[in-house]
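**Q** have a look; sequence and predicted model below, questions after that.
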Amino acid sequence: MPSMRTADLLIVNASELVTLAGRRKPRQREDMANVRAIADGAVAVRDGKILACGRTPDILARFAQKKGKPLDVRGKTVIPGFVDPHTHLVFSGSRESELVMKLEGKSYMEILASGGGIQRTVRATRAASDRELLRGALGRLDRMLLHGTTTVEGKSGYGLDLDTEMRSLIAMEMAGMRHPVDIVRTFLGAHAVPPEYQGRPDDYIDFLIRTALPEVVRLRLAEFCDVFCEEGVFTVAHSRRLLLAAKKLGLRPKLHADEFVRTRGAELAAEIGAISADHLLKSSKEGLERMKEAGVMGVLLPGTPFSLMRKDYPDARMMVSMGLPLALATDLNPNCLTESMPFIMALACYNMKLSPSEALTAATINAACAIGRENEIGSLEPGKKADIAILDAPNHLHIPYHFGVNLVETVMKDGQVVVKSGARVAKV
């Protein structure tokens, strides 16, 4: 009889263990609904990594815990930690007064034109100290973690000058050193045209290419470069110039595409080989087909139309049927102020008609693919990080079904408990 292997931790008796195991690539079509759930599931963890997943009797027959008793999660659901692949993590100030403007019928672009929106946040962020930027980011990360998110992509973009953009990226670097949540950084200097370049978007793109991008790369402050490709902001031509320059310097392209009007942002994402195109509310079917053929992830942000009180959402069902792999993200920012991926899953189900299983795939393994982390996170498989969320629910269908509350009870990052009974524990 073979000897038992040892584990640092055994999680046993899960009502449902959702592994999302499979090929380490984006899930498409019907595979988005196959979450690889195991009844009476168990997980073995050692050195911060997953050793094995399976039924509890099988895992207990193969593994022994080094110290203490296994973690009994009877009646609970165990899932991979959520991955949030589109957030504007660093900013200062808030824009709650704009809710009243929205209720009065003003559009996002009208609010922007009146001096609100991004420009209002830019003024507050430029005026903030480094300490204030860091403190704000850490608070948002705490709330994300409490809702089961263990990895986030964070964008700059509320500085729009060299100093504040660099400070924002450095604030994320510092936050990543102090917080359990992993942060993947994106340079979004082209989030808007700053006031000092008003009416001169070409000159601003020149500044980003000649001055900002080389500094980001020199200091190794970001992995991706993003641009807000939208009518009244940056054109496809602007976006192409910037992203090709970034790509030449080693930053992988992302872009905000077709959020308010059809700019052919989806087509541009395919043309330049972006890792993802995000929003896609107004994208053409031809553009989406090109994205699929080019291997570009579609990242949907249902919190954004919700916060803008829009009736139209991306046609997620059409995207799934055509084989475009989809991820979900919060779009956390002062206009869409939520850190909750479970809430985003609920919006995806109720307003975009994704099934709960498809939404969970989009919030975990496909979200990991959207930031190039599919070999490390997003599913519970041997060799991957033990980033785990334990939910007070009998199965994963309850995540969007039981909405408006936080079902996350315990969160593990790299095999260490960082949230217990719904509260953040001391640093590990």
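**A** Sure thing, it's come through.
**Q** wait, what's in contact with residue 419?
**A** 145-146, 408-411, 425 (CB atoms under 8 Å, 6 or more residues apart in numbering). Where you see a C-beta, it was placed from the backbone N, CA and C, and this is true even at glycine.
**Q** so which of the residues you listed wins on neighbours?
**A** Per-residue neighbour counts (other CB atoms under 10 Å) across the contacts of residue 419 peak at residue 411, which has 28 neighbours.
**Q** quick one: which of the contacts of residue 419 is nearest residue 315?
**A** Within the contacts of residue 419, proximity to residue 315 (CB to CB) peaks at residue 408, which comes in at 29.8 Å.
**Q** which of the contacts of residue 419 fall within helices?
**A** The helices, defined by DSSP state H, take in 145-146 from the contacts of residue 419.
**Q** and of the contacts of residue 419, the nearest to residue 217?
**A** residue 145 (29.8 Å).
**Q** wait, doesn't that closest one sit right on residue 411?
**A** Yes: between residue 145 and residue 411 there is a contact at 6.0 Å, judged by CB atoms under 8 Å.
**Q** what is the helix or strand of the chain at the bottom of the mean pLDDT ranking packed up against?
**A** Sorting the helices and strands of the chain by mean pLDDT, DSSP states H and E puts helix 108-113 at the bottom, at a mean of 79. In terms of contacts (3 or more CB pairs under 8 Å, 6 or more residues apart in numbering; DSSP states H and E), helix 108-113 is packed against helix 97-103, helix 117-127.
**Q** where among those helices is the average confidence lowest?
**A** Least confidently modelled of the helices and strands packed on helix 108-113 is helix 97-103, at a mean of 89 by mean pLDDT.
**Q** can you pull the buried residues of that helix?
**A** Using 16 or more other CB atoms under 10 Å as the test for burial, helix 97-103 gives 98, 101-102.
**Q** which residues sit against that helix?
**A** 110-111, 116-117, 308-309, 335.
**Q** what's the closest of those to residue 161?
**A** Taking CB to CB as the measure, residue 161 lies nearest residue 117 of the contacts of helix 97-103, at 17.5 Å.
**Q** show me which of the contacts of helix 97-103 are buried.
**A** Buried subset of the contacts of helix 97-103 (neighbour count, 16+ other CB under 10 Å): 111, 116-117, 335.
**Q** distance to residue 153 added to those residues, as CSV?
**A** As requested, these are arranged in CSV below (distance: CB to CB, whole Å):
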residue, distance to residue 153
111, 25
116, 25
117, 22
335, 18
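**Q** nearest to residue 34 among the residues you listed?
**A** Nearest to residue 34 among the buried ones among the contacts of helix 97-103: residue 335, at 34.6 Å, using CB to CB.
**Q** quickly find the element holding residue 348.
**A** Per DSSP states H and E, residue 348 falls inside helix 341-352.
**Q** using PDB, list the CA coordinates for that helix.
**A** Provided in PDB are the C-alpha atoms of helix 341-352 (Å, rounded to 0.1, in the frame of the first residue of the first chain):
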ATOM      1  CA  MET A 341     -17.200  40.500  -8.500                       C
ATOM      2  CA  PRO A 342     -20.300  38.600  -7.200                       C
ATOM      3  CA  PHE A 343     -22.400  41.700  -7.900                       C
ATOM      4  CA  ILE A 344     -20.900  41.800 -11.500                       C
ATOM      5  CA  MET A 345     -21.800  38.100 -11.900                       C
ATOM      6  CA  ALA A 346     -25.400  38.900 -10.900                       C
ATOM      7  CA  LEU A 347     -25.600  41.800 -13.500                       C
ATOM      8  CA  ALA A 348     -24.100  39.500 -16.100                       C
ATOM      9  CA  CYS A 349     -26.900  36.900 -15.500                       C
ATOM     10  CA  TYR A 350     -29.800  39.300 -15.100                       C
ATOM     11  CA  ASN A 351     -28.900  41.800 -17.800                       C
ATOM     12  CA  MET A 352     -26.800  39.900 -20.200                       C
END
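**Q** now do that helix: distance to the chain's middle.
**A** Counting by CA atoms, centre = their mean, to the nearest Å, helix 341-352 is centred 14 Å from the centre of its parent chain.
**Q** and stretch 120-136, by the same measure?
**A** Centroid separation between stretch 120-136 and its chain, computed with CA atoms, centre = their mean, is 22 Å.
**Q** adjust the sequence numbering to begin at 868 for everything that follows.
**A** I'll keep to 868 as the first residue from here, and by that count the last item is stretch 987-1003.
**Q** so which bits of stretch 933-948 are buried?
**A** Here stretch 933-948 shows 937-938, 940, 943-948 as buried, counting by 16+ other CB under 10 Å.
**Q** thinking again about what came up before, rebuild the contacts of helix 964-970 as a markdown table, extending it with distance to residue 1124.
**A** Formatted as a markdown table, the contacts of helix 964-970 follow (distance: CB to CB, whole Å):
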| residue | distance to residue 1124 |
| --- | --- |
| 977 | 22 |
| 978 | 21 |
| 983 | 23 |
| 984 | 19 |
| 1175 | 17 |
| 1176 | 22 |
| 1202 | 17 |
